[in-house]
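# next come a sequence and a model predicted from it.
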Amino acid sequence: MGAEKKQIFIVDDDESVCRALKLLLGTYGFKAYSFTSPIKFLSDVSDSVPGCLILDIHMPGFDGWQTLGQMSALGRRPVIIISADKNGGFREKSLKAGAVGFLQKPFNDRELIDLIDVAFAGKGR
């Protein structure tokens, strides 16, 4: 699938993860925006702006689970959950909470791009 400058929003409190993902996604033709706070993302990006969200779980204050719950309630864009946590139940919990998919850090670039394609195609995993 060609990216056709589709938008990706990255929310992760680790700035190095945000930078790396922006560079990676840019090489695939996506327009990526990063936020180190879920609150900043929710306040800066209108519900009407299309795109896919890559969301970290563990962040100070308003975490990824709370953000996902807020977005599910609002019927927002597709979400891919990422986490370095080794909790085996995160994948299932992510899917039950409405995410398109879950990736454990570090993940393979191709896995992420394939999951983004799934998200834009409107199919959950």
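Looks like it arrived, so ask away.
# so how far is residue 43 from residue 102?
According to C-beta to C-beta, to the nearest Å, residue 102 and residue 43 sit 25 Å apart. C-beta here means a position set from N, CA and C on the backbone, and glycine is covered the same way.
# ok, these two, which is more surrounded?
Between residue 102 and residue 43, residue 102 has the larger neighbour count (other C-beta atoms under 10 Å), namely 21 against 10.
# so who does that one touch?
When contacts are counted by C-beta atoms under 8 Å, 6 or more residues apart in numbering, residue 102 touches 80-83, 90-91, 94-95.
# try 6 Å
81, 90-91, 94 (C-beta atoms under 6 Å, 6 or more residues apart in numbering).
# give the next helix or strand downstream of the helix or strand that contains residue 21.
Using DSSP states H and E, residue 21 sits in helix 15-27. Per DSSP H and E, the first helix or strand lying C-terminal to helix 15-27 is strand 31-35.
# quick one: contacts of whatever helix or strand comes next after that following strand?
Later in the chain than strand 31-35, the nearest helix or strand by DSSP H and E is helix 38-44. The contact list for helix 38-44, computed with C-beta under 6 Å, 6+ apart, reads 11, 35, 62, 67.
# go with 10 Å
By C-beta atoms under 10 Å, 6 or more residues apart in numbering, the surrounding residues in contact with helix 38-44 are 9-13, 33-35, 37, 53, 55-56, 59, 61-64, 66-68, 70-71, 74, 76.
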